[in-house]
Each structure stands twice: as C-alpha cells, then as structure tokens.
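Asks: Fold the following for me, if possible:
(chains A and B)
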Amino acid sequence: MGTVSFAGLHYTYPEMASRALDGVELELDSGLTLLTGASGSGKSTLLRVCNGLIPHFHGGVIGGSARVLGREVVRASTRELARDVGFVFQDPELQAVYPSVERDAAFGLENLGIARGEMLSRVDDALEMCGIAHLRGRAVATLSGGERQRLALAGVLAMRPRLLVLDEPLSQLDPEGAAALIAALHAAVQAGTTALVAEHRHHLVLERADRCLVMLEGRVTACGPGGWEKTARLVARDDPAASSELSWRLHRVHAGPAGVAVLHDLDLAGGTGEVVALTGANGSGKTTLLRTIAGLLPPLSGSVERSPGRIAYLPQNPSALLHRATVRSEIDWTLRRTHSGGRADTVLEEMGLTAVAERDPRDLSSGQRQRAALASVLAGDPSLLLLDEPTRGMDGAARAVLTAALARVAGRGGSAVVATHDPQLVAAVATRVVDVGEGVARDRRPLVGAPR
Amino acid sequence: MSTRSLAAWSAAGLVIALSTSNPVYRGVVLLCALNLLVARGRRGSGTRILLVGIGIAGLIATLVTLLLSHSGEHVLVRLPGGIPAIGGPLTLEALAFGLATGLGLAAALLAVAPLTLVSQPHELVDALPAPLARTGAVVGAALNLVPGTLRSAAEIREAQRMRGWRARRVVDWPAVAVPVVLTAIEGSMTLAEAMESRAYGTGTRTHFGIQRWTRHDSVVLVTALLGAGGFLALVVSGGAPGWFPFPVLSAPAISVPALLCCALLVVPSFHVRR
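Replies: I've put the predicted structure just below:
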C-alpha cells in the first residue's frame, strides 16, 4: 500500500460546472516528489485531497478512490489525517497562529495533546532541523518571509508527519530563504518523511527531487521537468533609445516607514527605456525604495525627482486590488480614474485576458488573477511602472505576459523599476540591477550593453 | 505577574468602583490602577491613547450629569427653559455628582486596562480555563490576523491611489473597502485551513507555555479577594457609606476600614517597584 494512492479521482468545487480533478491516477511511496503545472491545472486541489481539506473543508463533489497512509480520505477528517499528514501553505504570513516562535511551532503538538516535556524537545528538534533555532524568543511579526515559512515547516515537522505536503512554499522567498527551506525539506525526507511539493519555481527543488509530476487540466499527465524554460531576453540592453532621458532620481535620500530610516544616503536614478531590477533578501528595503520612488513614502531627507506622467504601482499582493465585478470593469476603472484615453479591449488583448473579460476577477485562477491585476495597473500607458515582487506564485503564462508588458513599457520610452528575487525575470527584462541590503543600495552597472 | 492574578486584581477593582457612589473610594481605585500601569505597562502599548479615551469618557459622563440633573440648591447658571432636556438650572451639586460619576467610570475602565496593557493577547488566551481553550485558540488566531489586515488596508489604499483613487465621496470607498474585506476573508480562510491542518479540534489540548504562579501572585490574589470581599461586606453592612450630594452638597464620609480595603489594590505595584 502506497503512502498516497489515488485511482480515478475526480473532484468538482461547489457551484462549479467543470471538474478541478479529472481522473487522477497517482501512487507515491517515499522520497521527494515535485508537482508542477500551470496555474489552475489542479495542483493545489490535489494537495488538499492529501490531508482531507478537500472535501471536508471545501465541500464539493468527489469520486473515485483517494487513500492516504491506508485511510480513505472521504472517511477520515482533516484533523485525524493531520496526525500523519503535515501541510505547509504558500503564504507565510497567514499560517502563524501565535505571536512567538516557539509557541507557534508548538501549536500542532498542543492540539495533539502531547505532554509538555516532549513538546519542548520536539519543538527544539524541529527548529534545529529547519535552521531557525536562533530565532527562539523572537516575535513572529519580526521574521522575514523566509524565516516565517521555515517556522511553518518547523511547526509541521514537530508533529512528525509521515507525509509532508507543501503548496508553493518558495513563491515568496528570496534565494537564500528558498535554499534554507529546501535544505530543511531535504533533511526531513532523509529522515524518512515522504514529501509532495507543488512549486512553480521548480528548478529550485528539482535537484533534490526523486521524481517530478506534471498536472494538466486536472490530471497527472506526465513525468519530467517541463514548463520552466529559460525566459527569452525581452528588453534589449543595447537599445540606443534606452535611457535617453531621466525618469526618476533620488538624491541623498534617507527613507523608511514611521520616521525610521532603513535606507541611507541613496543616490540612484533611472532613465526612459530602462527596467531597473531591485534585488536583495526579504526585508532588505526593496519595498521601501519602491514606495519612495512612487512618492507614497516621503523621504526623511534628500530629494526625489520624477518626470511628468502617470506612475503605476503594483503591490506585493496584486490581486488585492481587484474590487470590480468584471475584469473589463477593473481596467475601465483605472482608465477613467487616470483620465487616460486608452481602450479596455486593447489592454485585455495585450494581457491575454479577452476570454475572461466579463468574468469576476476573483473567480479566476491565481495566474489569471495576477494578470488581471497587472492589466488594471498597466491600463492608461503609465510612464513609470513600479512592481513589487510581481512573479509571486506566477506560472509560465503569467510570467510571459509580465515580461512582455515590461518590454512594451520600456520600448515606448517608459521606465520600470521591479523589486524581485527572481533571477529569471532579472535575466529577461532588467537593463540594470540595484542590490538593496544593509541599509544601502548598490548600483550594479553596467550590465552587458547597459544604457548610457 | 500571572495573567490570572492580574485578572483577579482587575475584578476586585471593578467590584469596588461599581459598588459605591463615594468618590473617595473610586479615586483610590483609580490611583492604584494608574500606579500599576506606570509600574508595569509596556512601551508603545497605547497607554497614552487609552488614558485620553478614559479622560474623554469621564468628561462626557460629567457633562451629561451636569446638563440633565437640575436638582440642587447652588445654581451656577440657568439655561433657557425652552431648550429640551437641558434647559433649566445647572447646579453645583449636579456638577459634583457628575464628577463623581465620571470618576467612577474612569476607575472602572482603568481597573480592567492592565489586562490589555500589561498582558499580551496570547497571555490572556492562555489564562482562559481549560473548557474555553479551543475558543481561546480561535481568539488568539484572530488577534494575530489584525496586524496583517491593517498592513493590507494601508497597502491597498496606496495602490488604489496610484490607480487614480481619491476619497472624495462615500461611493469612492468600496475601491478600498471591498479588497480589504475580501483579502481579510481569504486570509481568515487560509488560517482556518492551516489550523485544521495542524490538528486543531482533535481533542483535549495541552499547553506549551506555563503560567508561572509565584508567591507574589498569591499575595495579589489574596489581597484582591480581601479588598473586594471586605469592601462589599462593609457596603452591605452600612460600614462604607456612599455619597449623594443632593439636595445640599456635603463632603463624602470616609470609613477607615473601607479605605484600607481599597488601598489593598496597590499591592502589585509595590512589589514591582521593590
């Protein structure tokens, strides 16, 4: 009997017509399995069957056979399965139950009724395994995204699960945080835990994976890496038109939220036709720098200049912008508010959203939602585009749309600044890279063929 | 200091402040509570905002009593009789009674303030008795979502501003309110999933943290019980007279045993400052 054994599994969400899972056949015994596939292909749904969140938490119609560790998922509740199945979610900010590190790591053990003495040693072991023992005594709110995600993993590992399920655990982590999480995951697998990981940035996991599965339209269709090809270079670094005019400039700027400077003495500038990538670890100050350029955060000292024109800003959670009944009306709303002369149809076409123009954006798959949010920000041809971690949780299609949009902005003489820890996006679009860390920003110029 | 002994102290302060109309006893409770906040309050925990709020509440109580109670012999000012409810004489006795009412309200609020200003939310949750442990975990989780929701609200407001949003009319607010509410709901759903996935609700919970109960906590508990119990006994037996300034203003009577009962509330602060 396999650890996970699905046969002819199908599932339909409540009030949905089409199946999210459509005849899944899957046998997993041990090791680390990587699950890839486009947004909306059914990865998250499949993972949630492993610990019974589907169907017990979400409802819907399920059929076929789904056995996990010898138990029929339909008959065992999530809380029963949780004794043996650990689950780590995508967003590290939404998993912490308690405000202190040890206390949160112990939450699952408290629920299992583990005696306090054993709880202490299990928490210690789990924090050690995840490389965050040094965070003991810290408040969860003060941790970086990578640290939080490792804490979430530690909280699950403390319960000593036989099956570990992770849903896009790396999407919000910087390379260092991602590497640390993967190392912790690998250690758990070495200790005998079976792991199933869904991840768009699968090149990070692939090296440690024992097998790779691909999901397509609700089915596990193939094995192999696929789907994460190197993105083609879209913004020419040696474009003669690039950087002909100043778009924005920070002069001796000290900046930070709540009157506390986290960035010091910045002298940076960006020109038209440029795409500047801001890189650096979680919490290094990239968002602060973006908000300062945008004018959302006044500098504590120094000056900020921006050339005339509309500034577009995409925050870290872009789908949080969506508030209209249809994708088209989201775009229309921006066009109307910014008094831009553009047409929603053009934007919809450019962003590959024509087919879903009349749908509620919050009913779309995560990749389509990302695109809808991008479209709503990009509408009206902004002259300066500021994006904060735009590839979080993006699949290949959404990334292609994003890179094309950046190329369009740069191509028509606009300027863009992108905070990211996605090296592939940097490789595809950045004309210049600025490293942010330890309170300063280091301009790594010139790249090959960098603008003047 | 244990959250449970602190809760006992707060309950004692509340009992005394609400069981008497005598401003002297209420004043002692208020001073003891202020002393404890100064001695044990956390930095940046909103003490100043709370004190301003309590001051405003006390002032409103005083004004309402002054304006609505037209009894008393010493008239300070006379409002035109045609003004509904507040028209008529405003008296010194009404002002004194209003001040005593405001003082009582402030004392009662300050008595419970240390529970939120001295303790962390999760300490309060931990202090709940075992039958309420599951409720406590839910409350704790909900409290943990608050900072994220506030951050998200600020972020959404900024981002919508960059899309041209301006808060000019009521109809403009859905552009911010709808995403904030939907994001909060989605966040709550994810947290609920995370809790369920970590076996929440499986059975009897154990506790990682232990509430340390020291000799000082025992002293606080005993003195709180003695203070509140003794004061109540004196009130019932007539040994702790209340105060009523009508029809003629008079000084409040003071009973030394009752005063001592109130003064027992200062015990937690003394211990801290030693």
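
Asks: What count of nearby residues applies to residue 118?
Replies: Because you didn't say which chain, this covers chain A. 11 (other Cβ atoms under 10 Å in any protein chain shown). Backbone N, C-alpha and C define where each C-beta goes, glycine included.

Asks: Hmm, no, I was thinking of chain B.
Replies: Counted with other Cβ under 10 Å, B:V118 comes out at 21.

Asks: which residues sit in contact with A:L290?
Replies: By Cβ atoms under 8 Å, 6 or more residues apart in numbering or on different chains, the residues touching A:L290 are A:L278, A:Y313, A:L386, A:L387, A:D388, A:V417, A:A419.

Asks: For the second one, grab phi and psi.
Replies: Torsion angles at A:Y313 (phi, psi; degrees, to the nearest 10) stand at phi -130, psi 120.

Asks: I'd like to know how many residues surround it.
Replies: A:Y313 has 25 nearby residues by other Cβ under 10 Å.

Asks: returning to that earlier point: and the two most separated of the contacts of A:L290?
Replies: Farthest apart among those by Cβ to Cβ are A:L278 and A:Y313. That separation is 13.5 Å.

Asks: Report the closest residue of chain A relative to chain B.
Replies: The minimum distance from chain A to chain B, using Cβ to the nearest Cβ, falls at A:R337 (2.8 Å).

Asks: For that residue, which residues are in contact?
Replies: Applying Cβ under 8 Å, 6+ apart, the residues near A:R337 are B:R163, B:G164, B:W165.

Asks: Check the secondary structure at the residue of the stretch 151-274 of chain B found nearest chain A for me.
Replies: Residue nearest to chain A within the stretch 151-274 of chain B: B:G164 (2.8 Å; Cβ to the nearest Cβ). Under DSSP: H, G, I helix; E, B strand; the rest coil, B:G164 falls in the coil class.

Asks: pLDDT score assigned to it?
Replies: Listed pLDDT for B:G164 reads 83.

Asks: so what's it closest to, chain neighbours aside?
Replies: Among residues not flanking B:G164 along the chain, A:R337 sits closest, at 2.8 Å (Cβ to Cβ, 6 or more residues apart in numbering or on different chains).

Asks: which SS class is the closest residue to A:A7 other than its chain neighbours?
Replies: Closest residue to A:A7 apart from its sequence neighbours, by Cβ to Cβ, 6+ apart: A:S65 at 4.4 Å. Following three-state DSSP, the label given to A:S65 is strand.

Asks: Return the residues in contact with A:S65.
Replies: A:S5, A:F6, A:A7, A:G8, A:L9, A:E72.

Asks: So what's the residue count around A:G145?
Replies: Using other Cβ under 10 Å, A:G145 has 22 neighbouring residues.

Asks: Can I get the contacts of A:S65 in CSV including neighbour count and secondary structure?
Replies: Putting the contacts of A:S65 into CSV (neighbours: other Cβ atoms under 10 Å in any protein chain shown; DSSP: H, G, I helix; E, B strand; the rest coil) gives the following:
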residue, neighbour count, secondary structure
A:S5, 18, strand
A:F6, 24, strand
A:A7, 13, strand
A:G8, 12, strand
A:L9, 24, strand
A:E72, 11, strand
